[in-house]
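Novice: need coordinates for the following:
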Amino acid sequence: MWRNHRRKRLRRLQQRMYGCIGAAIDGQLTAQFPETKGKKIIVSVDFYGAPQREAAEFFDRFSKQVFLIPSYSAALKQSRFVNEIAFEANFETPPI
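Specialist: Numbers count the residues shown, from 1 in each chain. Modelled structure (predicted):
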């Protein structure tokens, strides 16, 4: 399944990860979960059935470079809703 639609899936994942960052920085997460205000937020992705090497390379590249983008770095520093954003990936297969 991943093999046939790899680029599309990674692009969709990238958009979702940007969306998670935006929701944390802009306060949407805090509006729904007030206890998260000023905390470290972890964006966690479970890769079920994904080609591990390719997905891991994508995830590593994204998580290390997203805050090198000046607009994202500045937005995180100026946010009054979140202190820090970290990333974690899980490649384990869920129990049946």
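Novice: state the helix or strand in which the residue positioned nearest the centre of the chain lies.
Specialist: The centroid of the chain falls nearest to Met17 when counting by C-alpha atoms, centre = their mean (3.6 Å). Element membership for Met17, per DSSP states H and E: helix 6-26.
Novice: so which bits of that helix are buried?
Specialist: Buried residues in helix 6-26, defined by neighbour count with 16 or more other C-beta atoms under 10 Å: 10, 13, 17, 20-21, 23-25. In short, each C-beta sits where N, CA and C put it, glycine included.
Novice: any idea which of those is the one closest to Tyr72?
Specialist: Of all the buried residues of helix 6-26, Tyr72 sits closest to Ile21, with 6.7 Å by C-beta to C-beta.
Novice: now that closest one: how far from Val45?
Specialist: 12 Å (C-beta to C-beta, to the nearest Å).
Novice: before we move on, back to that, pull the contacting residues for the residue nearest to the centre of the chain.
Specialist: 43, 45, 62, 66, 87 (C-beta atoms under 8 Å, 6 or more residues apart in numbering).
Novice: which of those has the weakest pLDDT?
Specialist: Lowest pLDDT within the contacts of Met17 is found at Val45 (93).
Novice: give me the beta-bridge partners of that one?
Specialist: With DSSP bridges applied, Val45 shows beta-bridge pairing to Ala89.
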